[in-house]
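[1] sequence? don't have it. structure:
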């Protein structure tokens with residue numbers, strides 16, 4: 001039995017083998033182009049989703065940074081206020097006590113008892129004056 005080589009081609013050998021190969025190549029090219037177009041659409045969608053996530057993440061980062069700056073600013077102001085308050089408290093308490101101690105030493109050294117009350121009252125006036133000065137300086 002004699003076989004025709006054209007019958008071995010897909011499609012039963014009807015037509016020109018070169019045309020069939022050209023048709024199959026064109027069909028493969030169309031399928032590849034369709035597949036590439038699908039891949040491009042998928043890639044574009046994934047890139048858009050990634051950009052959206054990136055924008056959201058940037059927004060969260062910026063908000064967190066702004067919040068941290070606000071907290072740091074308020075903490076700094078509170079620390080300065082605490083420092084001023086402690087300075088005033090030490091001035092009002094410490095300076096009169098220093099005057100009382102100095103007066104007590106003078107009274108013991110000189111044998112009298114008038115210096116302790118005088119220096120205590122003077123220390124109280126100086127302490128209150130210093131406290132007012134510090135508060136006015138802080139308010140400016």
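    Everything's here; your move. Everything numeric here is computed off the predicted structure, so don't read it as measured data.

[2] Show me what the helix or strand of the chain with the lowest mean pLDDT is packed against.
    Least confident helix or strand of the chain, by mean pLDDT, DSSP states H and E, is helix 17-110 with a mean of 90. For helix 17-110, the packing partners by 3 or more CB pairs under 8 Å, 6 or more residues apart in numbering; DSSP states H and E come out as helix 115-139. Quick note: C-beta positions are derived from backbone N, CA and C, even for glycine.

[3] What helices and strands are in contact with the helix it packs on?
    Here helix 115-139 touches helix 17-110, going by 3+ CB pairs under 8 Å, 6+ apart.

[4] The helix it packs on versus helix 115-139: what angle between them?
    Interaxial angle, helix 17-110 versus helix 115-139 (axes from the mean of the first three to the mean of the last three CA atoms, to 10 degrees): 160 degrees.

[5] And helix 17-110, how far out from the chain middle?
    2 Å (CA atoms, centre = their mean, to the nearest Å).

[6] For burial, what's the neighbour tally of residue 88?
    19 (other CB atoms under 10 Å).
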